[in-house]
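K.L.:
Predicted model, plus sequence, below.
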Amino acid sequence: MDRYNDIIHIDNGCLYMEATAVSGRVCLSANQALMMASLLQDSSAAGLTMNLGGAPPPNEISPDTIHATLRAYVKIFVDAADASYSRTVTKKTITSFLGALRGLSSISHILLHTALEALSNTHPTTGMSEYALNCDVKAMRHEFNQKMDDLENGIDKASSGIEICKLAMPVIMESTKTTGSFVALMVARRKRALAKAHTEAALVV
């Protein structure tokens with residue numbers, strides 16, 4: 001947000017207004033991506049050990065591993081914010097940003113899957129109902145990947161700096177919005193599965 005505030009207070013006349021708007025919006029998208037990364041870290045830290053009353057299942061990724069992975073993505077988002085601030089956004093800046101967003105979506109999907117798997121292993125009946133609720137996830141993930149592919153293809157086809165600059169803001173904003181919706185849904189459904197596991201474990205006790 002500091003970069004965004006710096007950008008919007010730059011006063012270089014009317015010729016710079018459009019570039020300033022683009023830079024500010026790219027910076028805001030980077031900030032939204034950072035918030036998604038934080039959300040995933042919190043979701044991972046919630047863990048399965050507390051909710052299932054035992055050791056996490058073999059397929060559960062440790063919070064430390066997720067933290068290390070998220071740090072790599074965070075660097076890409078920060079670099080994009082810095083590039084927008086200095087107005088040096090390139091094709092690589094955008095494709096790296098998209099790749100990091102895909103990474104966030106993958107982590108959110110894995111976290112949901114491991115929560116469902118653990119619930120199914122400990123409480124099969126409840127697990128089956130949760131798997132049924134999430135039967136649409138595969139289709140949603142396919143739709144997400146298709147949207148991201150389309151956005152990335154548009155950038156790949158851009159052959160000039162002017163084209164890249166024109167595409168930078170809409171591509172980054174749309175990809176951030178698309179990823180945000182997917183990640184939020186995966187996290188919400190993981191939270192539901194963990195809550196179900198906690199409830200079932202309490203009933204057993």
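P.N.:
Happy to help now that I have it. This is a predicted model, so every value here is computed, not measured.

K.L.:
helix or strand right after the helix or strand of the chain at the bottom of the mean pLDDT ranking?
P.N.:
One helix or strand of the chain scores below all others by mean pLDDT, DSSP states H and E: helix 2-8, with a mean of 40. Per DSSP states H and E, the first helix or strand lying C-terminal to helix 2-8 is helix 17-46.

K.L.:
Report the angle between the longest helix anywhere in the chain and helix 17-46.
P.N.:
When the chain is parsed with DSSP state H, its longest helix is helix 161-204. Between helix 161-204 and helix 17-46, the angle formed by their directions is 20 degrees, by axes from the mean of the first three to the mean of the last three C-alpha atoms, to 10 degrees.

K.L.:
In terms of secondary structure, what does helix 161-204 contact?
P.N.:
helix 17-46, helix 49-52, helix 91-122, helix 124-133, helix 137-157 (3 or more C-beta pairs under 8 Å, 6 or more residues apart in numbering; DSSP states H and E). Bear in mind the C-beta positions are built from the backbone N, C-alpha and C, glycine included.

K.L.:
Now do the same contact list for the residue most central in space within the chain.
P.N.:
Centroid-nearest residue in the chain, with C-alpha atoms, centre = their mean: Leu104, separated by 3.5 Å. Residues counted as contacts of Leu104 (C-beta atoms under 8 Å, 6 or more residues apart in numbering) are Ala33, Met36, Ala37, Leu40, Leu70, Tyr73, Thr179, Val183.

K.L.:
what's the answer for Ile172, then?
P.N.:
Ile172 touches Arg25, Val26, Ser29, Ala80, Ile94, Phe97, counting by C-beta under 8 Å, 6+ apart.

K.L.:
how close does the residue lying closest to it once chain neighbours are set aside sit to Ala45?
P.N.:
Once flanking residues are discounted, Ile172 sits nearest to Ser29: 4.9 Å by C-beta to C-beta, 6 or more residues apart in numbering. Plainly put, Ser29 is 25 Å away from Ala45 if you go by C-beta to C-beta, to the nearest Å.
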